[in-house]
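S.K.: Sequence first, then the predicted structure:
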Amino acid sequence: MQFQLEALEEALRTLGAVLQERRTPYGLLIVGGSGLLLLRLIDRPTGDLDVVALSDNGHYAKVEALPEPLVDAALQVARALELSEDWLNTGPASLMDFGLPEGWEKRIEVRTYGGLEVHIPSRFDQICFKLFAAVDRGPDDKHFKDLLSLDPSAGELRAAARWTVTHDPSEGFRNELVACLGSVGVEMTDVDS
C-alpha cells in the first residue's frame with residue numbers, strides 16, 4: 001500500500017494510540033518520503049516510514065533494529081489498516097553513521113500522536129538526504145524528483161553537496177555529484193569548498 005498524507009497520519013495516530021495504551025512510548029527520527037509528506041513538501045504517495053534513530057528527550061541514537069514492543073505495535077497497526085508488515089522500518093539508518101547535516105537537531109519538527117513522537121528533519125536536511133540518494137540512483141529516480149520538488153537554491157545544493165561527500169568521499173561519487181548538480185544548473189567542481 002502506498003501512503004497519501006491522510007493514510008500516513010491515520011497509521012501514525014493508530015500506532016500512537018496502541019503505544020499509549022500499552023504504556024510503551026517511542027520517539028522516532030524519520031527521513032524519506034514520509035517526512036516530506038508530513039512537512040507537506042511533496043504530494044506523491046510513499047510506501048513506508050523510514051526510521052533512522054530513536055529519540056529520548058532530544059537525544060538521538062541510531063537504530064539498528066526496532067525495539068520489539070514497537071515492532072509488535074506496528075504489526076498490529078499493519079493488520080488493522082491493511083498495510084505492508086514493513087511499513088515501519090530502518091532502511092536508511094546508515095545515514096547516522098557519519099552524522100547528519102550540521103545543526104539538524106535545532107531544525108527538527110516534532111509531531112505527537114498519542115504515545116508516539118515523530119521527529120522530522122527540516123527542508124534543508126531533506127535536501128541533503130535527497131541529493132545523496134539522487135546521486136546514487138540517477139535523474140529518473142523518485143529521489144531526484146523529490147529533490148526538484150523541494151526547489152533548492154544553488155547555495156542550498158552546494159551546502160548539501162558538501163555534506164554528501166562526508167558520507168561517500170570516493171572519486172566516483174564526486175564525479176556523479178558534479179554531474180547531478182550540473183543537470184540542475186549548479187556548477188561545482190570542488191565540493192569541498
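M.R.: All right, it came through fine. Residues are numbered from 1 along each chain as shown.

S.K.: Would you mind splitting the chain into its domains for me?
M.R.: Domain assignment for the chain, taken from automatic domain parsing, gives 5-121, 124-183.

S.K.: residue boundaries of the helices in the protein?
M.R.: Ranges of helices in the chain, per DSSP state H, are 5-22, 33-38, 68-81, 123-137, 142-149, 154-167, 171-183.

S.K.: Give the buried residues for stretch 111-123.
M.R.: Applying a neighbour-count criterion of 16 or more other C-beta atoms under 10 Å, one finds 113-123 buried in stretch 111-123. Heads up, the C-betas are built off the backbone N, CA and C, glycines and all.

S.K.: re the thing from before, would you mind telling me which of the helices of the chain is nearest Glu109?
M.R.: Set against Glu109 and scored by C-beta to C-beta, those come closest in helix 33-38, at 8.2 Å.

S.K.: same for the closest one, what does it pack against?
M.R.: For helix 33-38, the elements it packs on are helix 5-22, strand 49-56, strand 116-120, helix 142-149, judged by 3 or more C-beta pairs under 8 Å, 6 or more residues apart in numbering; DSSP states H and E.

S.K.: which residues are in contact with that helix?
M.R.: The contact list for helix 33-38 (C-beta atoms under 8 Å, 6 or more residues apart in numbering) reads 3-5, 8-9, 42-50, 111, 118, 120-121, 126, 142, 146, 149-150.
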